[in-house]
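[1] Coordinates for the following, if possible.
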Amino acid sequence: MAIQTAQGRENLAIAYGNSATYASLHTASPGTTGANELSTTGGSPAYARKQVSWSPGSVDGTVTATVVFDVPTGITVAGAGFWTAVTGGTYIDGGTVTSQAFTSQGTYTLTATFTVS
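    Here you go, the predicted model:
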């Protein structure tokens, strides 16, 4: 059964945002475990998970976030994930993103949208 009310969808989307408080980048799909996360060594500044501030839309069951990451030379970003902690923690969700190769130190901007339908 689909969620029947806009408020019900919004409540679920906000609950997702309250759980998925840190974002990560991955060299391939993170799958169901958060695999392939970038290494926290190398680069200046080095890669690290970033805290996420989800912005609820109008009462439509959607939350969005934009996060900027530092990425070291020689990395190809191909996935993103969401966690409960800056290190370790529980993997919540993730998937593939448009692949971007870094031939020099740079930044990757992740814009994420979660929608309950």
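
[2] Mind listing what's buried along the lengthiest strand in the chain?
    Secondary structure of the chain read by DSSP state E shows that its longest strand is strand 91-102. By 16 or more other CB atoms under 10 Å, the buried positions in strand 91-102 come out as 91-94, 97, 102. Heads up, the C-betas are built off the backbone N, CA and C, glycines and all.

[3] what two of those are the furthest from one another?
    The distance between the two most remote of the buried residues of strand 91-102 (CB to CB) is 25.5 Å, for Ile92 and Phe102.

[4] which strands and helices sit next to the host helix or strand of Phe82?
    Assigned by DSSP states H and E, Phe82 belongs to strand 75-83. Based on contacts counted as 3 or more CB pairs under 8 Å, 6 or more residues apart in numbering; DSSP states H and E, the elements that strand 75-83 packs against are strand 22-26, strand 91-102, strand 106-115.

[5] can you put these in a markdown table and add distance to Ile3?
    Shown next, in a markdown table, are those (distance: least, CB to CB, whole Å):
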| stretch | distance to Ile3 |
| --- | --- |
| strand 22-26 | 25 |
| strand 91-102 | 18 |
| strand 106-115 | 11 |
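
[6] Phe82: which of these is closest?
    Of those, nearest to Phe82 by CB to CB is strand 91-102, at 4.5 Å.

[7] Now the phi/psi pair for the closest residue to Thr90 other than its chain neighbours, please.
    Distances taken as CB to CB, 6 or more residues apart in numbering place Thr84 nearest to Thr90, at 4.5 Å, with adjacent residues excluded. With angles defined as degrees, to the nearest 10, Thr84 sits at phi -90, psi -10.
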